[in-house]
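Engineer: Generate coordinates for the sequence data below:
(one chain, ligands or ions: 2)
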Amino acid sequence: MVKICCIGAGYVGGPTMAVIALKCPSIEVVVVDISVTRITAWNSDKLTIYEPGLEDVVKKCRGVNLFFSTDTEKHISEADIVFVSVNTPTKTRGLGAGKAPDLTYWESAARMIADVAKSDKIMVEKSTVPVKTAEAIEMILTHNSKGINFQILSNPEFLSEGTAIQDLFYPDRVLIGGRETPGGQKAIETLKEVYSHWVPEDRIITTNLWSAELSKLVANAFLAQRISSVNAISALCEATGADVTEVAHVVGKNTRIGPKFLNASVGFGGSCFQKDILNLVYICECNGLPEVAHYWKQVVKINDYQKTRFVNRVVASMFNTVSGKKIAILGFAFKKDTGDTRETPAIDVCKGLLGDKAKISIYDPQVTEDQIQRDLTMNKFDWDHPIHLQPMSPSAVKQVTVTWDAYEATKGAHGICILTEWDEFKQLDYKKIYDNMQKPAFLFDGRNVVDPEKLREIGFIVYSIGKPL
Ligand code: NAD
Ligand code: UGA
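Structural biologist: Ligands and ions are numbered 1, 2, ... in the order given. From the prediction side, this is the model:
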């Protein structure tokens, strides 16, 4: 039986390995992590992350050929293939701080593999890493290898949160990069065999190592660029009376452009887009390409602009102050169908409103109060560095309440901000909400989920992203 071990039981490691276990009954898959809490949750009824369809998959294979463990050394040493799916956050200090990825977790995982390995292994980069990381990892492994043969493959993950299981079941493509040596090609074939259990052959792309590493960064940069492009146009639409939804529809009808990923929003969030673009920017700067770096940096700058623009619009339209006013925040996760709040635009919007002394009442169907309070007191980039976590500052969070009900959150509010496109926000009884709010009642739709005309008929003053007033 082929044995796979995955280091890192997070949003990628957990779902990816669960699907491999489901689709490959002849393979034993063990996911290991240094976080005891995470492993305990994966072994319980309340999995560590919320992801539609995940529970079903885990329940089918857990204890059969899928295991979650903290015994890292044992499972790495027994595995034929070791996936590394640890976090690769943006560095918060030192050389490249604020741009370069922090590869501390990566390096410690690689050193652990070198230390405990007793037999030949294929090591698979699942995390998103800078191009040329495999070279550094090879150095660590070969210098400590005691004669063991390691093959490094790059197999970046393209799943999106909220649709992870569907993305893993039916991927657009699986990418495997490896050395152009007989050993490298054999390793590629071994990993290809794993995916061939359910992914059609023509969807498995093989490349050299550097193309695979770089393709992942570029894929995310292109996706984020589309959002910043449409968001930049949303500002122009608001200024001119054009409607961004109509413009995006027309533009997307061109088959060379396509309709997906053109929804204007309060800004993109999530743990990867900003991190990966900054990573790309840093690589360009290090390679003496300042113009290319500048080009990609604009994608992040427009995203920051969009979040600031949203806050300014709320404050400006509510008579230039929200001091002492109750603002209801509907949705805190960075997108629907996930409880993940990493880099969610809601953090910046809430901080901006708190800066103007608003009282905030938040409702999100999947995010806990504890998580929200932590997010609002954390420094930029600290969210993915568990060791740097600061204790909560009580003064900052006094102005924030969190409820488990949209009607409770909006009761007595002067304004509402919709910050996540949860489906349930389309079906709320807005007449009931309006009746229980202060007047004039404002609604700022950061995701274009409500029909502004219908809400105006009720009496709301509605601002939607990129739409005429
Ligand atoms: P995550 O923070 O959810 O999970 C990472 C896990 O690795 C954590 O549980 C952490 O405790 C563990 N870990 C860190 N160092 C370890 C070590 N030395 N030994 C054992 N465990 C260790 O991160 P994630 O969202 O799963 O992302 C992982 C990687 O995948 C990142 O590089 C990210 O850019 C990339 N990625 C993420 C997504 C996504 O949707 N979240 C999608 C594609 C790619
Ligand atoms: C993204 C990519 O889509 C995945 O392919 C990639 O694997 C992943 O990053 C990663 O490397 O981590 P994810 O961040 O989970 O996936 O979610 P997306 O659906 O891409 O959404 C990202 C952000 O963009 C969200 O805040 C979303 O609301 C926003 N968005 C998305 C828009 O504002 N407009 C759109 O049209 C689409």
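Engineer: what about the stretch 201-350 of the chain, any weak spots by pLDDT?
Structural biologist: Residues of the stretch 201-350 of the chain that meet the criterion pLDDT under 70 are absent altogether.
Engineer: residue ranges of the helices in it, please?
Structural biologist: When secondary structure is read from DSSP state H, counting those that start in this stretch, the stretch 201-350 of the chain shows helices at 209-240, 244-252, 273-286, 290-317, 345-355.
Engineer: okay if I get these as a markdown table plus distance to residue 45 and mean neighbour count?
Structural biologist: Bear in mind the C-beta positions are built from the backbone N, C-alpha and C, glycine included. As requested, these are arranged in a markdown table below (distance: least, CB to CB, whole Å; neighbours: other CB atoms under 10 Å):
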| stretch | distance to residue 45 | mean neighbour count |
| --- | --- | --- |
| helix 209-240 | 33 | 19 |
| helix 244-252 | 41 | 17 |
| helix 273-286 | 32 | 22 |
| helix 290-317 | 37 | 18 |
| helix 345-355 | 28 | 22 |
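Engineer: do you know which of those helices lies nearest ligand 2?
Structural biologist: Closest approach to ligand 2 among the helices of the stretch 201-350 of the chain is made by helix 209-240 (4.6 Å; CB to the nearest ligand atom).
Engineer: What angle do helix 244-252 and the closest one make with each other?
Structural biologist: Computed by axes from the mean of the first three to the mean of the last three CA atoms, to 10 degrees, the angle separating helix 209-240 from helix 244-252 equals 130 degrees.
Engineer: Go ahead and measure how far helix 209-240 is from the middle of the chain.
Structural biologist: Its chain's C-alpha centre and that of helix 209-240 lie 15 Å apart, by CA atoms, centre = their mean, to the nearest Å.
Engineer: what about that helix and ligand 1, touching?
Structural biologist: No. In this structure, helix 209-240 remains apart from ligand 1 according to CB under 6 Å from any ligand atom; the gap is never smaller than 7.4 Å.
Engineer: Can you tell me the number of residues neighbouring the residue of the stretch 351-469 of the chain found nearest ligand 2?
Structural biologist: Here the residue of the stretch 351-469 of the chain nearest ligand 2 is residue 421; by CB to the nearest ligand atom that distance is 6.7 Å. By the other CB atoms under 10 Å criterion, the neighbourhood of residue 421 contains 19 residues.
Engineer: can you pull the contacts of it?
Structural biologist: Going by CB atoms under 8 Å, 6 or more residues apart in numbering, residue 421 touches 265, 331, 335-336, 447, 449.
Engineer: would CSV of the helices of the stretch 201-350 of the chain with distance to residue 371 be doable?
Structural biologist: Rendered in CSV, the data for the helices of the stretch 201-350 of the chain read as follows (distance: least, CB to CB, whole Å):
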stretch, distance to residue 371
helix 209-240, 24
helix 244-252, 31
helix 273-286, 19
helix 290-317, 19
helix 345-355, 11
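Engineer: which residues does the residue lying farthest from the centre of the chain contact?
Structural biologist: Most distant from the centre of the chain: residue 147, at 38.5 Å, with distances by CA atoms, centre = their mean. If a contact means CB under 8 Å, 6+ apart, then residue 147 has no contacts.
Engineer: Write out the residues of the stretch 251-400 of the chain neighbouring ligand 1.
Structural biologist: For the stretch 251-400 of the chain, the contact set with ligand 1 under CB under 6 Å from any ligand atom comprises 271-272.
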